[in-house]
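Colleague: Mind folding the following:
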Amino acid sequence: MIRMVVPVLLVIGTFVLVYMAMGALGGSKQPLGPAPATPKGALSSTQWTVLSLTGLLAFSGAIALAILTDGFWWAIPVAAWIAGLIATRRSAKSRGVKAEAEEQAAQEAHIDELSKPERVLLENAEAAVKRIQSTEAAQAGWLGDPADLDFSADLQFIANNTATARRLRNLIFELGEIPNPSPADRTLITDAEREIDSLAVHSIERTRLLESCAEKAERIDESLREDRENERNELHRDEVRARMSALLYGTGSGAGTASPTSTPSASADRVVALTAAFQELKDTIDFDRTAAGMIPRDLDR
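Modeller: Residues are numbered from 1 along each chain as shown. Here you go, the predicted model:
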């Protein structure tokens, strides 16, 4: 019986440790509420499902081998499953790194095509979105479902406006290079310049809206921090008051511990009396010396 129980316990312990390692390395814990999008480099829900099912099969096979055979044959399915886990994680990580590099390269290429004001505007909008998403208010659900905090449409709106404005400027330049412009050409150019200004205004308004949202989310964070600090201060105040009240007024056997529990010692009383007597004697001698100095010399003879 013991021969069968020990391997089974070893198998169970091994899988428990492996799953704990999976949670620590892969961040398997998800926040309450709707699950957010899978981060780059993390295992997808499908991969976790496959790993769980294969782990269950390996677990069952390991227990069967532990019961039916001697030695460490049960470790074979366990080792195979761990190897599959490591390979899956490495593959997911490499795909995440590659996708992030491609996204960064595409973003940099797009930014390079923009003029300086347009680039600054788009960067400010992206920075505002990152500020919003990084706040506790957004992550804890104070701004609604975290899964609904998708500002890609706002960023795309600004990017489309800047791209349209860039194409219009190119066409204005191209049309202006044609000799002998007609009144229709001039009207078209005026309308295009007006449209460029309108696109810029809309993009600026959208960027300012995102920045305003970021500021409001950060104010919520500040309010939450102040609430936590006030709560800590109140708890500390109550604890200090309780200790002070117990010391001043006493509760139970420790009543009145702040008040004297005994009279001063005899030595203390003796020191007080002797110092008072010494001071009185010194005052008398000083007085006599002063009086003697005031007697006339004739009387002294």
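
Colleague: any idea how far residue 150 is from residue 188?
Modeller: 37 Å (CB to CB, to the nearest Å). The way it works is simple: take the backbone N, C-alpha and C, and place the C-beta from them, glycine included.

Colleague: more neighbours, those two?
Modeller: Using other CB atoms under 10 Å, the more surrounded residue of residue 188 and residue 150 is residue 188, with 15 against 12.

Colleague: close enough to count as contact, residue 61 and residue 77?
Modeller: Yes - using CB atoms under 8 Å, residue 61 is in contact with residue 77, at 4.2 Å.

Colleague: so what does the helix or strand where residue 220 lies touch, helix or strand wise?
Modeller: For residue 220, the host element (DSSP states H and E) is helix 183-248. Other helices and strands packing on helix 183-248, by 3 or more CB pairs under 8 Å, 6 or more residues apart in numbering; DSSP states H and E, are helix 116-134, helix 136-139, helix 152-176.

Colleague: so that helix versus helix 116-134, what angle?
Modeller: 30 degrees (axes from the mean of the first three to the mean of the last three CA atoms, to 10 degrees).

Colleague: before we move on, the earlier item: with mean pLDDT as added columns, please give the helices and strands packed on helix 183-248 in JSON lines.
Modeller: Converted to JSON lines, the helices and strands packed on helix 183-248 look like this (pLDDT from 0 to 100):
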{"stretch": "helix 116-134", "mean pLDDT": "89"}
{"stretch": "helix 136-139", "mean pLDDT": "89"}
{"stretch": "helix 152-176", "mean pLDDT": "91"}
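
Colleague: Output those as JSON lines; include the columns distance to residue 67 and mean neighbour count.
Modeller: Shown next, in JSON lines, are these (distance: least, CB to CB, whole Å; neighbours: other CB atoms under 10 Å):
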{"stretch": "helix 116-134", "distance to residue 67": "51", "mean neighbour count": "17"}
{"stretch": "helix 136-139", "distance to residue 67": "47", "mean neighbour count": "17"}
{"stretch": "helix 152-176", "distance to residue 67": "54", "mean neighbour count": "15"}
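
Colleague: possible to save those as TSV with distance to residue 237?
Modeller: Shown next, in TSV, are these (distance: least, CB to CB, whole Å):
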stretch	distance to residue 237
helix 116-134	32
helix 136-139	25
helix 152-176	45
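
Colleague: among these, which is nearest residue 228?
Modeller: helix 136-139 (10.3 Å; CB to CB).

Colleague: helices and strands around the closest one, which ones?
Modeller: helix 183-248.

Colleague: Next secondary structure after the helix it packs on?
Modeller: helix 266-293.
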